[in-house]
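S.K.: Got a predicted structure plus its sequence, pasted below:
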2 protein chains.
Amino acid sequence: MAPIIFYDIPSTLPINAWSPNCWKTRYALNIKGVPYTTEWVEYPDIEALALQIGAAPTGTKDDGSPSYTLPIINDPNTGKVVSDSFLIAEYLDETYSGGNFNTLFPSNSKPLVEAFEGGLVGALSPALPLLLSISAPVLNPSSKEYFRRTREAKFGKKLEEFSALGAPRTADWAKAEEGFAQVAGWLAKNGNGPYVLGDTVSYADGVLGAWLIWAKIVTPGQGVKDLSTWQDGRWDKYLKDLEPFSQVY
Amino acid sequence: MAPIIFYDIPSTLPINAWSPNCWKTRYALNIKGVPYTTEWVEYPDIEALALQIGAAPTGTKDDGSPSYTLPIINDPNTGKVVSDSFLIAEYLDETYSGGNFNTLFPSNSKPLVEAFEGGLVGALSPALPLLLSISAPVLNPSSKEYFRRTREAKFGKKLEEFSALGAPRTADWAKAEEGFAQVAGWLAKNGNGPYVLGDTVSYADGVLGAWLIWAKIVTPGQGVKDLSTWQDGRWDKYLKDLEPFSQVY
């Protein structure tokens, strides 16, 4: 099969990839085992790309017009263009099955994976403003300006005020660590396998991996306790187990 | 096989069963498809029963001594006594598989079911004090006294003050309905099958069914909007689809 084209947002980091929603798709493509290539698109260029290739919008702007986000995939084998990480994962399972392809949603686990992601976002929520504010520094200039402008408009304050360095930031991060203690409790039910579903890798790992790798990528040097120390190294081990699925092609 | 003995808490209702944690086990036994009989145990008699049959405690009292709760099962086929609804479901899958037995956790979905339950409890949390306070009236005298005394000690106020009739109660219930709109969104991912996992019944249904049937049983006449009207009848339909698994044997 011809490689799927995967549109992701670049950064100044050596591995380029950083966006959590795009990481979900990267994990999904790697777990699924389909060939793909990445095309890197800066924030201000996403809308023009989406309109050009006929990608569906994923939301609505304040003025009521459609909004477009990455990830998007363009599959030359079927001619399909798909937006939204969850819809992309569903598309991959529907289109590519059997043989060497892994199943992203075994036993039609979609509703449970949605609940799982709800739980993860809830656990990480005290640190979300912090993670957003410290994501800007890793972006290239045009994306950085766009990101700052749109996020500051949404929150009504400067990025630097989302989670101030020092006691407020330490407290936000400690709350997220507590939330992830609960997530570790869920995972303890998996029979000690490396993945969320034990020995079977699935899209649940794409989701958990994406939130963790984002936090891991943007926090160094930002005055917070290293994620590696949370739950006695539980998440570093997890990300290491996921490494075969975190290549950036 | 000989019937498993399932210890549940009785009530004044014609169907007797009401306790959400025990409903999880009832659904699990019915979904699994194992024969069982129910022995009804009032709250003040649970500890003596547990000590007599050697059931493990499920928590610790304020004074540091072990505490015992239902559900408990006693399986004469294996000699095993198991406490705690999740551990019982795990035991049933480990002990009875193949043939006509359904699988409670397909694809080792335990961590996702834990996350799912976390999400459900979160969605229902604004109404939990309300549901507790209106559960007392359905209990038999000895359990009613025990329930009132222990719950009032825990919350530091009278049951009647947990969620006062009128505006506060209406608001609590409306928040829970909102939470369940999110749960309905998760379920919409299941390909329109009747169960959480689409066409496959699983322990996820035991968990969702248990919380819903509890709410359905204790709310009539309590000044709240009928659960049947939430999400255009979504949950009444769901409970109806689960009826083959809600028998009280």
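M.R.: Looks like it arrived, so ask away.
S.K.: So which residues make contact with the longest helix anywhere in chain A?
M.R.: Scanning chain A for the helix with the most residues, using DSSP state H, yields helix A:167-187. Residues outside helix A:167-187 that contact it (CB atoms under 8 Å, 6 or more residues apart in numbering or on different chains): A:116, A:119-120, A:122-127, A:129-130, A:163, A:196, A:208, A:222-225, A:230-231, A:234-235, A:238, B:111-112, B:114-115, B:118. Bear in mind the C-beta positions are built from the backbone N, C-alpha and C, glycine included.
S.K.: Need the CA coordinates for it. PDB is fine.
M.R.: Output in PDB follows, covering the C-alpha atoms of helix A:167-187 (Å, rounded to 0.1, in the frame of the first residue of the first chain):
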ATOM      1  CA  ALA A 167       4.200  27.700  44.500                       C
ATOM      2  CA  PRO A 168       1.100  27.900  42.100                       C
ATOM      3  CA  ARG A 169       2.900  25.800  39.400                       C
ATOM      4  CA  THR A 170       4.200  23.300  42.000                       C
ATOM      5  CA  ALA A 171       0.600  22.900  43.400                       C
ATOM      6  CA  ASP A 172      -0.900  22.500  39.900                       C
ATOM      7  CA  TRP A 173       1.600  19.800  39.100                       C
ATOM      8  CA  ALA A 174       1.200  18.000  42.400                       C
ATOM      9  CA  LYS A 175      -2.500  17.800  41.800                       C
ATOM     10  CA  ALA A 176      -1.900  16.200  38.400                       C
ATOM     11  CA  GLU A 177       0.400  13.700  40.000                       C
ATOM     12  CA  GLU A 178      -2.300  12.800  42.400                       C
ATOM     13  CA  GLY A 179      -4.700  12.300  39.600                       C
ATOM     14  CA  PHE A 180      -2.300  10.000  37.900                       C
ATOM     15  CA  ALA A 181      -2.100   7.900  41.000                       C
ATOM     16  CA  GLN A 182      -5.700   7.000  40.300                       C
ATOM     17  CA  VAL A 183      -4.800   6.200  36.700                       C
ATOM     18  CA  ALA A 184      -2.000   4.000  38.000                       C
ATOM     19  CA  GLY A 185      -4.700   2.200  40.000                       C
ATOM     20  CA  TRP A 186      -6.700   1.500  36.900                       C
ATOM     21  CA  LEU A 187      -3.700   0.100  35.100                       C
END
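S.K.: Name the residues of it that are buried.
M.R.: A:Arg169, A:Asp172, A:Trp173, A:Ala176, A:Glu177, A:Gly179, A:Phe180, A:Val183, A:Ala184, A:Trp186, A:Leu187 (16 or more other CB atoms under 10 Å in any protein chain shown).
S.K.: Can you tell me which residues in chain A are near chain B?
M.R.: Contacts of chain A with chain B, taken as CB under 8 Å from any CB of the partner chain, map to A:86, A:106-116, A:118-120, A:122, A:182-183, A:185-191, A:193, A:196-200, A:202, A:204.
S.K.: related to what we said a few turns ago, quick check, nearest of the buried residues of helix A:167-187 to chain B?
M.R.: A:Trp186 (4.1 Å; CB to the nearest CB).
S.K.: Looking at stretch A:236-245 now, give me its mean pLDDT.
M.R.: Averaging pLDDT along stretch A:236-245 yields 97.
S.K.: got the end-to-end distance for it?
M.R.: 15 Å (CA to CA, to the nearest Å).
S.K.: Which residues outside that stretch are in contact with it?
M.R.: A:27, A:30-31, A:187, A:194-195, A:201, A:205-206, A:208-209, A:212-213, A:216, A:227-228, A:246.
S.K.: which stretches of chain A form helices?
M.R.: A:20-32, A:46-53, A:85-95, A:110-124, A:128-133, A:141-155, A:167-187, A:203-218, A:234-241.
S.K.: Compute the inter-axis angle for the longest one and helix A:110-124.
M.R.: Read it as helix A:167-187. Angle, helix A:167-187 to helix A:110-124, by axes from the mean of the first three to the mean of the last three CA atoms, to 10 degrees: 150 degrees.
S.K.: A:Asp93 contacts A:Phe105, correct?
M.R.: Yes. Between A:Asp93 and A:Phe105 there is a contact at 5.7 Å, judged by CB atoms under 8 Å.
S.K.: returning to what we had before: of all the helices of chain A, which one is nearest B:Tyr36?
M.R.: The closest approach between B:Tyr36 and any of the helices of chain A, judged by CB to CB, belongs to helix A:110-124 at 26.3 Å.
S.K.: so how far is that closest one from its chain's centroid?
M.R.: Averaging C-alpha positions (CA atoms, centre = their mean, to the nearest Å) puts helix A:110-124 13 Å from its chain's average.
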